[in-house]
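Participant: The following block contains a protein sequence and its predicted model.
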Amino acid sequence: MTHDDATADAVTGPGGTPPGPSAVRPDTTDTAPSPADAALPPALAPAALTLFGDRLDLAAAYAELLATDGVVRGLIGPREAPRIWDRHLLNCAAVAERIPTAATVLDVGSGAGLPGLALAIARPDLTVTLIEPLARRTSFLIEVVERLGLARSVRVFRGRADEAATGSSGREPISGDVVTSRAVAPLDRLATWSLPLTVRGGRLLALKGSSATAEIEEHADVVSRVGGGEPTVHLCGVGVIDPPTTVVEIVRERMVGPARPAASKRSRGGRARRR
Ligand SMILES: C[S@@+](CC[C@H](N)C(=O)[O-])C[C@H]1O[C@@H](n2cnc3c(N)ncnc32)[C@H](O)[C@@H]1O
């Protein structure tokens with residue numbers, strides 16, 4: 001694990017989130033990952049065709065990269081490989097139904113590209129930015145984008161969500177119509193990070209598990225304080241995948257700016273006063 005891996009993992013939390021890859025250790029088993037691990041189970045073929053349409057081959061190529069390179073590089077647990085279609089690709093692509101045509105999408109905490117890359121594959125009309133602070137993960141994301149020929153619609157931002165919202169290291173702040181996330185943080189932190197990234201009237205779509213309603217109740221005050229409207233829960237992919245994906249949606253109703261570091265006394269008033 002690199003230093004920056006350790007730092008950012010410390011700020012991640014399951015937060016009742018659905019089955020994102022929990023902290024994954026590199027595969028130490030003798031069995032090398034095989035592309036066959038990513039084969040589309042026949043029972044899921046109708047759902048995959050519904051969600052990916054004529055981009056199903058591209059989805060299959062991504063599944064293969066996750067099940068091979070993704071496992072070898074410790075981004076996906078070896079036990080996730082056979083579940084890549086149902087727990088990961090289909091579960092994430094189903095959320096496309098809540099995203100308007102030609103929207104700009106920012107995916108916070110993409111990890112190995114979920115849900116951002118699944119959405120970019122399912123919906124070529126979207127422009128997607130994958131926001132991820134860890135170098136090991138952004139290297140993988142950049143390679144996948146190149147290998148799948150997605151560079152025209154997908155870019156990778158290496159940094160935290162708050163850095164993307166305020167701009168950092170000479171980079172302009174970024175914003176989008178929709179901010180997605182899965183398995184990144186509890187709803188209060190997600191709203192604090194994601195709403196400053198959305199345009200007014202834009203929305204946060206957080207893939208959540210069974211904890212969605214409880215999280216909304218627990219964090220309603222924070223969501224409102226950072227400019228969010230009433231959170232709503234939606235099931236995506238009903239009649240297509242089983243179970244459907246549970247999504248918490250929050251519209252940015254008021255423009256409350258991102259938290260900025262407080263200016264030091266010296267920079268506000270010249271020399272610091274000596275006591
Ligand atoms: C458990 S992983 C989930 C990855 C992916 N979303 C998925 O479901 O497979 C959480 C990810 O969030 C990233 N992360 C943590 N804090 C973040 C922040 N403040 N801004 C952006 N990403 C963050 C971590 O580096 C990690 O890659």
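Facilitator: Arrived safely.
Participant: what's the pLDDT at Ala36?
Facilitator: Note on Ala36: pLDDT of 86.
Participant: can you give me the strands for this structure?
Facilitator: 104-108, 127-132, 154-158, 176-182, 198-208, 232-236, 245-251 (DSSP state E).
Participant: and of these, who's closest to the ligand?
Facilitator: For the strands of the chain, proximity to the ligand was assessed by C-beta to the nearest ligand atom; strand 176-182 is nearest, at 3.6 Å. To be clear about C-beta, it is placed using only N, CA and C from the backbone, and glycine gets the same treatment.
Participant: low-confidence ranges in the stretch 151-275 of the chain?
Facilitator: 257-275 (pLDDT under 70).
Participant: again with the stretch 1-150 of the chain
Facilitator: 1-31.
Participant: give me the number of residues near the closest residue in space to Val128 that isn't next to it in sequence?
Facilitator: Among residues not flanking Val128 along the chain, Ala120 sits closest, at 4.3 Å (C-beta to C-beta, 6 or more residues apart in numbering). Neighbourhood size, Ala120 [other C-beta atoms under 10 Å]: 28.
Participant: I'd say Ala120 and Leu150 touch.
Facilitator: Yes: at 5.8 Å, Ala120 counts as touching Leu150 under the criterion of C-beta atoms under 8 Å.
Participant: which ones are touching the closest residue to Thr213 other than its chain neighbours?
Facilitator: Nearest residue to Thr213, sequence neighbours excluded (C-beta to C-beta, 6+ apart): Val233, at 6.2 Å. Taking C-beta atoms under 8 Å, 6 or more residues apart in numbering, we find Val233 in contact with Lys208, Ala212, Thr213, Ile216, Thr246, Val247, Val248, Glu249.
Participant: Next, the contact list for the fifth one, please.
Facilitator: It refers to Thr246. Pro18, Leu207, Lys208, Gly209, Ser210, Ala212, Val233, His234, Leu235, Cys236.
Participant: now check stretch 199-215, is it near the ligand?
Facilitator: No: judged by C-beta under 6 Å from any ligand atom, stretch 199-215 and the ligand are separated, with a smallest distance of 7.3 Å.
Participant: any idea how far that stretch is from the chain center?
Facilitator: With C-alpha atoms, centre = their mean, to the nearest Å as the basis, stretch 199-215 stands 12 Å off its chain's centre.
Participant: Buried ones in that stretch, by neighbour count?
Facilitator: Using 16 or more other C-beta atoms under 10 Å as the test for burial, stretch 199-215 gives Gly202, Arg203, Leu204, Leu205, Ala206, Leu207, Lys208, Gly209, Ser211, Ala212, Glu215.
Participant: which outside residues touch that stretch?
Facilitator: 15-19, 91-92, 95, 98-99, 115, 175-183, 186-187, 190-191, 194-195, 198, 228, 233, 245-253, 255.
Participant: ok, now stretch 41-54?
Facilitator: 40, 56, 58-59, 85-86, 89-90, 93-94, 96, 121-122, 237, 240-241.
Participant: so what's Val95 up against?
Facilitator: Pro115, Leu119, Thr180, Leu205, Leu207, Cys236, Thr245, Val247.
Participant: okay if I get the residues you listed as JSON lines plus distance to Pro78?
Facilitator: Shown next, in JSON lines, are those (distance: C-beta to C-beta, whole Å):
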{"residue": "Pro115", "distance to Pro78": "21"}
{"residue": "Leu119", "distance to Pro78": "25"}
{"residue": "Thr180", "distance to Pro78": "26"}
{"residue": "Leu205", "distance to Pro78": "29"}
{"residue": "Leu207", "distance to Pro78": "23"}
{"residue": "Cys236", "distance to Pro78": "28"}
{"residue": "Thr245", "distance to Pro78": "24"}
{"residue": "Val247", "distance to Pro78": "28"}
